[in-house]
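K.L.:
the sequence and its predicted three-dimensional model are supplied below.
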Amino acid sequence: MQKNKAALKPIGGYLELELPKGNEYYPDLVHLNTGRNALEYILIQKKYHKIYIPYFTCDVLLEPITRTGVQYQFYHVDRQLDPIIDFDIEHDACFLYTNYFGIKQAKVAELSGKIKNLIIDNSQAFFSEPLAGVDTFYSCRKFFGVPDGAYLSIKRKLPKKLPVDTSVHRFSHLIKSIDSGIEAGYSDYMNNNKDLENNEIRSMSLLTHRILSSINYNECVFVRQRNFNFLHKHLAEFNLLKFEATDEHTVPMVYPFLTNDRHLKVHLIQKKIYVATYWPNVFKWTKKNTDENYLAQCLVPLPIDQRYDLQDMFNMLNTLRLFL
Ligand SMILES: Cc1ncc(COP(=O)(O)O)c(C=O)c1O
């Protein structure tokens, strides 16, 4: 007798959190728990013996490298975030490049024609589609209010079935901020970040998957591009990082404003404009006179995401102008 599956589904009881039922942006990519574990997945699947990574990146990427025992070598990027490849890349090694702030797609395309075993870190470029044959990963929490989650574009999957992650224990900052404001949720955010460290590769939790299926991606794209272009119109002449306003394929994570004022970030934070440092570990990894050290100090990532309208951008711009 055929089992009636519907009969197994619980019916009734309390009502759950209601989220709109839509579609994910990358339904066909491998669903994983974190971006760093997506890198581990690639290293295991491709059996690389060595990886080149930029000094200008997040130190959590060392987790999968240490765990797999793959050798690594740092390389430099210049002040325009372009890689400086003044060495021979070993033929069976891989080369990781970050699509910085989501504005380096042209560089990604150029590298894909030159480097055999290229890996693209699109953690800051959620909407940049993967290039055919280029292993590419995404970390969802940099763009959306999710506790974790990653996508990976890779040709061949690992043969073993992965355990499924759970996210509920790292969710508190996402709901505390609704009740009590973004500042009240900050210490939870830091603790929940800590909880992402040194986890095994698992597939994306049902909770994160569900949230990612409820997002209006078209709206996110529209708002990010509009806010980015507004800031660029007013800040391009002061910005030491050179790039064009966005085209339809570019959906940045933030507006990267590069200035020689080493204190601008602190001034903005004092005015409640919470700008991050990408990345604090770069101060430990590099000497003071390097471009990466300068970028970590002086690059101001201005928020442009889907939470903000043009009035917010205008207010932020007016505050920023006090210090220009
Ligand atoms: C550029 C970059 N790549 C990868 C990661 C890792 O992503 P996840 O936290 O999802 O492991 C981070 C930050 O955490 C990052 O800043």
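P.N.:
Arrived safely, thanks for sending.
K.L.:
return the residues of this protein in contact with the ligand.
P.N.:
34-36, 57-58, 60-61, 98, 121, 123-124, 139, 150, 196 (CB under 6 Å from any ligand atom). C-beta here means a position set from N, CA and C on the backbone, and glycine is covered the same way.
K.L.:
give me the below-cutoff pLDDT ranges for the protein.
P.N.:
1-6 (pLDDT under 70).
K.L.:
now it against the ligand: closest residue?
P.N.:
With CB to the nearest ligand atom, the shortest gap between the chain and the ligand falls at Gly35, namely 2.8 Å.
K.L.:
filter the residues of the chain next to the ligand to the buried ones?
P.N.:
34-36, 57-58, 60-61, 98, 121, 123-124, 139, 150, 196 (16 or more other CB atoms under 10 Å).
K.L.:
just flag the most distant two among the residues of the chain next to the ligand.
P.N.:
The span of those, defined through CB to CB, is set by Thr98 and Leu196 at 18.1 Å.
K.L.:
what is the nearest of the residues of the chain next to the ligand to Val266?
P.N.:
Cys58 (21.2 Å).
K.L.:
chain neighbours aside, what residue packs nearest to that closest one?
P.N.:
Nearest residue to Cys58 in three dimensions, chain neighbours excluded: Trp279, at 4.8 Å (CB to CB, 6 or more residues apart in numbering).
K.L.:
turn the buried ones among the residues of the chain next to the ligand into JSON lines, columns for secondary structure.
P.N.:
Below are those laid out as JSON lines (DSSP: H, G, I helix; E, B strand; the rest coil):
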{"residue": "Thr34", "secondary structure": "coil"}
{"residue": "Gly35", "secondary structure": "helix"}
{"residue": "Arg36", "secondary structure": "helix"}
{"residue": "Thr57", "secondary structure": "coil"}
{"residue": "Cys58", "secondary structure": "coil"}
{"residue": "Val60", "secondary structure": "helix"}
{"residue": "Leu61", "secondary structure": "helix"}
{"residue": "Thr98", "secondary structure": "strand"}
{"residue": "Asp121", "secondary structure": "strand"}
{"residue": "Ser123", "secondary structure": "coil"}
{"residue": "Gln124", "secondary structure": "coil"}
{"residue": "Ser139", "secondary structure": "strand"}
{"residue": "Ala150", "secondary structure": "strand"}
{"residue": "Leu196", "secondary structure": "coil"}
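K.L.:
gap between the residue nearest to Ile304 when sequence neighbours are not counted and Thr250?
P.N.:
For Ile304, ignoring the flanking residues on the chain, the nearest one in space by CB to CB, 6+ apart is Asn227 at 3.8 Å. Distance from Asn227 to Thr250, counting by CB to CB, to the nearest Å: 13 Å.
K.L.:
quick one, helices of the stretch 1-150 of the chain?
P.N.:
35-46, 62-68, 105-112 (DSSP state H, counting those that start in this stretch).
K.L.:
follow-up on the earlier one: which residues touch the residue of the chain closest to the ligand?
P.N.:
Residues in contact with Gly35 (CB atoms under 8 Å, 6 or more residues apart in numbering) are 121, 123, 137-139, 150.
K.L.:
go on, Phe230?
P.N.:
310, 313-314, 317.
K.L.:
with Ser214 instead?
P.N.:
19-22.
K.L.:
what number of residues lie near the nearest residue to it once chain neighbours are set aside?
P.N.:
Of all residues not flanking Ser214 in the chain, Leu19 sits nearest, at 3.9 Å (CB to CB, 6+ apart). Here the number of neighbours of Leu19 (other CB atoms under 10 Å) works out to 12.
K.L.:
alright, calling it a day.
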